[in-house]
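Colleague: Predicted coordinates and the sequence they were generated for:
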Amino acid sequence: MKQILFTLLIFSASFASAQQTFEVNWDQSTSEADATFTIETGDTIIWTWANPSPHDVVAAPGESDAPGDFGSQILVGIGETYQYTFTVEAVIDYICSVHPTGMLGTITVVEALSIQDKFEENITFFPNPVTDNVRIRSLFQLDTYRIFDIHGKQVAQGVGSGTYTDANLSHLQSGTYFVKVIDGALEATFRLLKK
Ligand SMILES: [Cu+2]
């Protein structure tokens, strides 16, 4: 299941994006949100084994949308990798067959996704609602985030480190907030609930 994102504002971009490569660290601590992507045809995902346990990347049981050559052998060792370039539109549920209940994700492959759409559709907040700490993750470099209350007053801000950042919201009252996530010229704003 994908996390449900509530897009408040959309800053349109008409240009199509170039083919890109995305990386995911692959072990039992990988969340479903981190393993779930919306990409376009021609994009590549690289899974990198992040702990010594044996893992693989295979289509989930009953998954019929996966290309026939999708999937890895079981590999053992930190730093092992599996990569696949997706060339056909599909929605693919996949798992590690060694840890099928804890290591899973969904790859949605579509034609000609704009950079703006790819940016928006791959930003996740976990958890949402948030109690104290929320992890904001992006496929792209995450430059900065700014959090506003319902009156538009900025109540927090921070910078990303690579593709994610952790924001501490324990000082905020319960309620609805809006998180603006910025990567260069790309930005998108999402609703976030504080418990
Ligand atoms: Cu595994």
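Modeller: The structure has been received and is ready for your questions. Values in this document were obtained by computation on a predicted structure and should not be read as measured data.

Colleague: Against Lys180, how distant is the residue lying farthest from the centre of the chain?
Modeller: Within the chain, the residue lying farthest from the chain centre (Cα atoms, centre = their mean) is His151, at 28.5 Å. Per Cβ to Cβ, to the nearest Å, His151 is found 15 Å from Lys180. (Glycine included, C-beta is placed from N, CA and C.)

Colleague: And this structure, split by domain according to the record?
Modeller: By the assignment in automatic domain parsing, the chain contains the domains 7-12+116-194, 21-113.

Colleague: Within range of the ion, give me the residues from this structure.
Modeller: Residues of the chain lying near the ion by Cβ under 5 Å from the ion: 55, 96, 98-99, 103.

Colleague: my read is Thr165 is in a strand, agree?
Modeller: Yes. The assignment for Thr165 is a strand, going by DSSP: H, G, I helix; E, B strand; the rest coil.

Colleague: Write down the beta-bridge partners of it, one by one.
Modeller: Ile136 (DSSP bridges).

Colleague: Look at it and report its pLDDT.
Modeller: pLDDT recorded at Thr165 is 87.

Colleague: Spit out the contact partners of Ala35.
Modeller: Going by Cβ atoms under 8 Å, 6 or more residues apart in numbering, Ala35 touches 24, 26, 94, 103-106.

Colleague: now with 10 Å?
Modeller: 24-26, 45, 47, 57, 94-96, 103-107 (Cβ atoms under 10 Å, 6 or more residues apart in numbering).

Colleague: Mean pLDDT per helix and strand in this structure: which one sits at the bottom?
Modeller: strand 7-9 (a mean of 32; mean pLDDT, DSSP states H and E).

Colleague: Touching the helix or strand following that strand from outside, list them.
Modeller: Moving toward the C-terminus from strand 7-9, the next helix or strand (DSSP states H and E) is strand 21-26. Contact with strand 21-26 is made by 30, 34-37, 39, 43-51, 53, 55-57, 72, 75, 80-83, 85, 96, 99, 103, 105, 107, 118, 122, 139-140, 163, as judged by Cβ under 10 Å, 6+ apart.
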